[in-house]
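In: Make a model of this:
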Amino acid sequence: METFSIAFKVGNLELDAIVTAFDHHRRFKVEMVTNEHDPILLQRLTAGEWKVEQAGQRSISEKGFAAMQEAIDSYLEKIYAAHNILVLTDFSLAASNAAKYAAAMARSFNSINIVLYHSMSVPLATEIPLQTPPPALDFQQEALSKLEELKNEILPISGSGTTVTVRTDERPLVAAVNILAEQLQLGLVIMGITGKGNLERVFIGSNTITVAKECKVPLLVVPANAVFEKIERVVFACDLKKVSETTPTQAIRTLIHKLNAKLYILNVARDGASFNPATINELAALHRLWDEEHPEYHYTDHDDLVQGIMDFTKEHQIQLLITVPREYGFFEGIFHRSMTEKLAYHTHLPLLLFREDK
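Out: Below is the predicted model of the structure:
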């Protein structure tokens, strides 16, 4: 559930409204006044058409509803197209690489805003343990200095159309991310996948897992050795459970269009479960959601879900993996397994996580 404001025009009258979005931005409650008794209820259909489910207590013409819907679409387009990106950093090598990846992605998008953020509740990455912690002001000054260094490092990569700003404070990381997401109208959060200090020997850090579970906007997880290249092949790995209710179709579609990439839809199942009678309706729903994008559909069996996905990404030279994980064991599994020889090849593959709508 997300709340935002819009402005639209009905005839010569300029109106403001409060919009609450539900169901992966498919249903909207529109109020002219907070807690309105009889609000407007709108539904955005899969193909982009709108349906007025409840007209509310105000007399709004068909043109008025069209202007309202256009204003909502404009807001969503700005969010989905990731005009505003938050890059999290603890100044580790992996975090710095994620910032460079974000800058290169921004260049491919032509115009974008990047905010580099460090939470002082997450200690600075350092090789030497601190015997006596310095005062908080010293931490802040050091963090700001490092953020400015990182900003200057990525500016040449990001291109002239990109603005880069820096922020640091003492808020807990997850709380800060979600507050900034609302304040800055973020479309994407980007972070690396290693922790600090000795944790850099591991491909997944606890901070990444925590943010992945709680982040309200899409999270792009960038492996430590990933190098940005123009993204031309993207796979959406999904299961066949509540497809219509839980798939953020419009968000994924907008990003695919922004990248101008080819979309693959992948379902990996065990023991032929993809063609179990219980999943036929879900298969039909999946096609209704995506057929207009003309993706390549792939259904395969594998005893190991993660291995099945990774095999597919290698075979089809996938450059970005998108998923809506229901169990974060799946997310952890990809990168823990990357420490083994079997999956080490795949640690270059960025993972874009969309939160399940509950």
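
In: who touches the helix or strand where Asp138 lies?
Out: Assigned by DSSP states H and E, Asp138 falls within helix 136-158. The contact list for helix 136-158, computed with CB atoms under 8 Å, 6 or more residues apart in numbering, reads 89, 91, 96, 99-100, 102-104, 106-107, 112, 114, 116, 118, 120, 124, 133, 162, 164-168, 170. All C-beta atoms are positioned from the backbone trio N, CA, C, and that covers glycine.

In: filter those residues to the buried ones?
Out: 89, 91, 96, 99-100, 102-104, 106-107, 112, 114, 116, 118, 120, 124, 162, 164, 166-168 (16 or more other CB atoms under 10 Å).

In: Can you list the low-confidence ranges for this structure?
Out: 1, 46-47, 122-137, 194-206, 271-276, 327-347, 356-358 (pLDDT under 70).

In: domains in it, as residue ranges please.
Out: 2-79, 84-222, 233-353 (automatic domain parsing).

In: List the buried residues for the helix holding Asp138?
Out: Neighbour-count burial for helix 136-158 [16+ other CB under 10 Å]: 139, 142-143, 146-147, 150-151, 154, 157-158.

In: Kindly report the same for stretch 293-301.
Out: Buried residues in stretch 293-301, counted by 16+ other CB under 10 Å: 295, 298-299.

In: Kindly report the same for stretch 71-82.
Out: 71-72, 75-76, 79-82.

In: gap between that stretch and the chain center?
Out: 14 Å (CA atoms, centre = their mean, to the nearest Å).

In: Convert the C-alpha atoms of it to PDB, please.
Out: What follows is stretch 71-82 as a C-alpha-only set of coordinates in PDB (Å, rounded to 0.1, in the frame of the first residue of the first chain):
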ATOM      1  CA  ALA A  71      -2.000  12.100 -13.600                       C
ATOM      2  CA  ILE A  72      -1.700   8.800 -11.800                       C
ATOM      3  CA  ASP A  73      -0.100   7.200 -14.900                       C
ATOM      4  CA  SER A  74       2.400  10.100 -15.000                       C
ATOM      5  CA  TYR A  75       3.400   9.600 -11.400                       C
ATOM      6  CA  LEU A  76       3.800   5.800 -11.900                       C
ATOM      7  CA  GLU A  77       5.800   6.300 -15.000                       C
ATOM      8  CA  LYS A  78       8.300   8.500 -13.100                       C
ATOM      9  CA  ILE A  79       8.600   5.900 -10.400                       C
ATOM     10  CA  TYR A  80       8.700   2.800 -12.600                       C
ATOM     11  CA  ALA A  81      11.300   4.300 -15.000                       C
ATOM     12  CA  ALA A  82      13.700   4.700 -12.000                       C
END
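
In: Which stretches in the protein count as helices?
Out: Assigned by DSSP state H, the chain shows helices spanning 62-80, 93-109, 136-158, 173-183, 206-214, 243-246, 249-259, 280-290, 305-315, 328-337.

In: Distance to Asn12 added to those helices, as TSV?
Out: Listed next are these as TSV, based on distance: least, CB to CB, whole Å:
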stretch	distance to Asn12
helix 62-80	12
helix 93-109	36
helix 136-158	42
helix 173-183	32
helix 206-214	45
helix 243-246	40
helix 249-259	32
helix 280-290	39
helix 305-315	54
helix 328-337	51
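
In: I'd like to know which of these is closest to Leu220.
Out: helix 93-109 (7.9 Å; CB to CB).

In: which secondary structure elements does that closest one contact?
Out: On a contact count with 3 or more CB pairs under 8 Å, 6 or more residues apart in numbering; DSSP states H and E, helix 93-109 meets strand 84-88, strand 112-119, helix 136-158, strand 162-169, strand 188-192, strand 219-222.

In: Noted, bye for now.
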